[in-house]
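Visitor: 3D, please:
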Amino acid sequence: MMERFILLGALLTAIVAANVQVHVAVASETSFRLSVRTEGMSTDEIPNPSLDTTRAIPQGQAFTYNGMQGLKTAAGALVAGSDGSWALLDSSETVILSSSSPPVYVDDDVAGVVQLSVKAKAPDGPPQSCLANGDFGPVFYYNDVDQFFAFASSPLLTDLPVATHHCYPAAFDSNSSGGARSGWWIAGHEADWYLAPAADGYAFSKAFFDLTGAARVPPRHAMGFMATYWGYDNMQEVQGNMSKFRDEKYPIDSFIMDYDWFGPKPCGPNGTQGGLNCGDFGYEPTYFGNNTFVLSNGTTITTHDPADFFNMIHTDLNFRWAGIRKPRSYSNIELSNTSGWLLPDSFQVGAGDNNWNFTVEAFRDWYTKNHLHFLQDGVDYWWNDEGETQWFTYLLWNLAQQEQFAAVRPNQRMFTVNRAFQPGMQRYPAVTWTGDSQICTHAKILHFSMAGQPYGTCDMTSPDASVLVRQYQNAVFDPIMRVHQMHGTPRFPYLWCGPNGAGGGTPAHCTAFRNALNTRYQLMPYMYSLAHDLHRNGRLIVRPSSFEFPSVSSPGFMVGDSIMPADLSFDPDTVNETQAYLPKGDWFVFNSTRTVAGGQLVLRTVDITEFPVYVRPGAIIPTSDKVIQYAEQLGGTLNVQVYAGRDNKFDLVEDDGCSLDYLRQRTKTTTLTWNDATTTLSWNSTIGDGYTGSPQDFTTLKASLFRNGQEVQVSASQAFDKSGQVVFK
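Guide: Below is the predicted model:
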């Protein structure tokens, strides 16, 4: 065995055998790279679409520990010995993860496998992650026992066996398939493990986003409510439902259309429309041709093309619009096949084969070019479906769509909704819904967050009006709120309530639906600021309560660091029963001065209009004082709710809601500070260079103080200047 060390700048190499090398490098501000290479291979980082190539990588300092050499940063250190041993240390120089034997390369006649043997209290992590309809697993291991984060990176873009082509070629589970693919393994002739100390949940999420890229902030309208349906007979139906939402005062920002809008059959002379093949890159002609619409106020509008229609809904109805996209060709199959752009038929998902291979750059360029006209016409965003064809399909699909936005709207935020997720998609940002399983529980959304997807949502499709209400109420606190239905009665509120509401709906259900949506929009300043906190600091919008209360035995669903909505029942027989495990201490009931004791499972039976939400003492919750119908109506008076009991701070972030200027710090950030001893709410704003404000900025402020058992105190409104304060008696 040949053993020697080579120290090259920020890279340390230990050659542990004639054909296996171990390398140590700094990978980000919080993580290190432990690389295993077969002889002669480059020591450069393995290219991986999930990794943020623009991330900050500090210079490490040479460091020695127990005869092992390595590199140290403020986050900790990673060292390796000449025998292939290695150890990860935290910032106090305590070993938190180490090797139990040298890494091994196994030639398995497929792609090869690199195995890493680890020593830890809890060495077993997630099994191999595979994409499914509305599901995915982490390609990393957050260990809250040993307090580390590990991310696996393979040279393969997807696993090679046909049965696992939709899977990530790595795992952390010794209970996997056995043989070479057991324990910590990565398929390929080389492997990178990214290791970071993670003393708590916040350190884990920061390490993840430092490595894979900050989650971009969605356009503000995306933080409102969106409705999807497949089964329209014409566009007058679409416009009629948009108008109904507005007339009945159910807040909403956008509509999404399914197959209806583009075919998928070819249309027009010779199967083309305007030189474009309708199946892939055109519109359904009768839906987007000459149409006459009568709005609720009696105005008649005639549209002649897609641009006319989008202009009408943007200008006259204040709606955004998105359409579904599939990862396959319907009308360019021959071209795609001869160009080598199609995946094997064995990679089919859902409705069929002829799936495009998004790993081919030439194809992505062609795809991008043929989509530009949609954005020029006025399409606002995309809904991507059935992309579980191979591991990186969704991420690379979003990359192509980002190029569309860069070409047509270079300073506007992109936004997509997708049926699965790969790390890195948050950089666009790309939302994921829970798929056709229609799981709408808080536990499922938490699973998404802890698997790397901070923007989760679900379909709300119950055929029971009361359960549908509970799905709406539950989704008020999801990062993204969306309803969908395929044929039948759309799951729009006004169809499921009133004297003849579908699914047993009653007038009380109308109130319940409306209250849920009003609460969503009331909380938009809070939720939107959490999205900025996620982008800036890597703090998840929704997170397990163990992030704030590490000793909690049953982690619950927290929104920010202060709100815990109860879990609602989706069983018609128990639809009015709710539960929440509250950590120790007193908790306020949202919007009231009542408190309940924590450290227990709180069970409540409530009527259909109620959905219990609990608030931690010291919470600062900025809300919209007025009832609004869509996001662009924000502004005017900010009502800051303060729940007494501890000192606290909260950063309210305002921007233009649509551009990328926030990436250049063109925002207004107001730090709201509560001093419990003096019962004073104060604030101070920082306005970034070049930020000139927006119509949605708040101009006046009032504060509402909630104290246990007392009347709510509401201050007088005052100018929301750069700094100020409210002192309560």
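Visitor: Any regions of the chain where pLDDT drops low?
Guide: Residues of the chain that meet the criterion pLDDT under 70 lie in 1-18, 109, 175-178, 263-278, 350-352.
Visitor: where do the strands sit along the stretch 451-600 of the chain?
Guide: If DSSP state E, counting those that start in this stretch is used as the criterion, the strands of the stretch 451-600 of the chain fall at 456-457, 481-486, 542-544, 557-559, 563-565, 567-568, 577-582, 586-589, 595-597, 600-605.
Visitor: Tyr521: which of these is closest?
Guide: Among those, the nearest to Tyr521 by CB to CB is strand 481-486 (9.9 Å). Just so you know, the C-beta spots here come from the backbone N, C-alpha and C atoms, and that holds for glycine as well.
Visitor: buried set for that closest one?
Guide: Buried positions in strand 481-486, judged by neighbour count with 16 or more other CB atoms under 10 Å: 481-485.
Visitor: Of these, which pair is most distant in space?
Guide: Met481 and Gln485 (15.1 Å).
Visitor: any chance you could map the helices in the chain?
Guide: Per DSSP state H, the chain carries helices over the ranges 201-212, 235-247, 278-281, 306-315, 333-338, 361-377, 393-408, 442-450, 465-475, 507-522, 524-537.
Visitor: How about residues contacting the first one?
Guide: Pointing back at helix 201-212 there. Contacts with helix 201-212, where a contact means CB atoms under 8 Å, 6 or more residues apart in numbering, come from 27-31, 50-52, 55-56, 140, 142, 144, 147, 149, 151, 194, 196-198, 215, 423-424, 426-427, 452, 534, 537-540, 543-544, 546-547.
Visitor: how many neighbours does Val469 have?
Guide: Counted with other CB atoms under 10 Å, residues neighbouring Val469 total 30.
Visitor: Now do the closest residue to Glu403 other than its chain neighbours: how many residues are near it, please.
Guide: Using CB to CB, 6 or more residues apart in numbering and skipping the chain neighbours, the partner closest in space to Glu403 is Thr368 (4.4 Å). Residues lying near Thr368 (other CB under 10 Å) number 18.
Visitor: Indicate which one of the helices of the chain is closest to Gly598.
Guide: Per CB to CB, nearest to Gly598 of the helices of the chain: helix 442-450, 17.4 Å.
Visitor: circling back to that earlier point, only the buried subset of the contacts of helix 201-212, as a ChimeraX command please.
Guide: In ChimeraX, this line selects whichever of the contacts of helix 201-212 come out buried by 16+ other CB under 10 Å:
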select :27,28,29,30,31,50,51,52,55,140,142,144,147,149,151,194,196,197,198,215,423,424,426,427,452,534,538,539,540,543,544,546,547
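Visitor: Sitting in strands, which of the contacts of helix 201-212 do you find?
Guide: 140, 142, 149, 151, 194, 196-197, 543-544 (DSSP state E).
Visitor: re the thing from before, could you measure the residue nearest to Glu403 against Gly340, distance?
Guide: 18 Å (CB to CB, to the nearest Å).
Visitor: Count the residues that sit near Tyr232.
Guide: The burial count for Tyr232: 18, using other CB under 10 Å.
Visitor: Not counting sequence-adjacent ones, nearest residue to it?
Guide: In space, Tyr232 is closest to Asp260, 5.0 Å off (CB to CB, 6+ apart).
Visitor: Looks like the one you found contacts Glu284 (just checking).
Guide: Yes. Counting by CB atoms under 8 Å, Asp260 touches Glu284, with 6.7 Å between them.
Visitor: so what's the residue lying closest to Arg514 once chain neighbours are set aside up against?
Guide: Spatial nearest neighbour of Arg514, excluding adjacent residues (CB to CB, 6+ apart): Tyr250 at 6.0 Å. Contact analysis of Tyr250 by CB under 8 Å, 6+ apart lists 492-494, 513-514, 517.
Visitor: Could you rerun that using 6 Å?
Guide: Contacts for Tyr250 (CB atoms under 6 Å, 6 or more residues apart in numbering) come out as 493, 514, 517.
Visitor: Select from these the one having the most neighbours.
Guide: Neighbour max across those (other CB under 10 Å) = Pro493, 28 neighbours.
Visitor: thought it was touching Phe513?
Guide: Yes. Under the contact definition of CB atoms under 6 Å, Pro493 touches Phe513, with a separation of 3.5 Å.
Visitor: Please tell me how far the most centrally placed residue in the chain sits from Val542.
Guide: By CA atoms, centre = their mean, the chain has its centre lying nearest to Tyr455, at 2.0 Å. Here Tyr455 is placed at a distance of 10 Å from Val542 (CB to CB).
Visitor: And Asn639, by the same measure?
Guide: With CB to CB as the criterion, Asn639 and Val542 are 23 Å apart.
Visitor: and these two? which has more neighbours close in?
Guide: Val542 (24 against 21).
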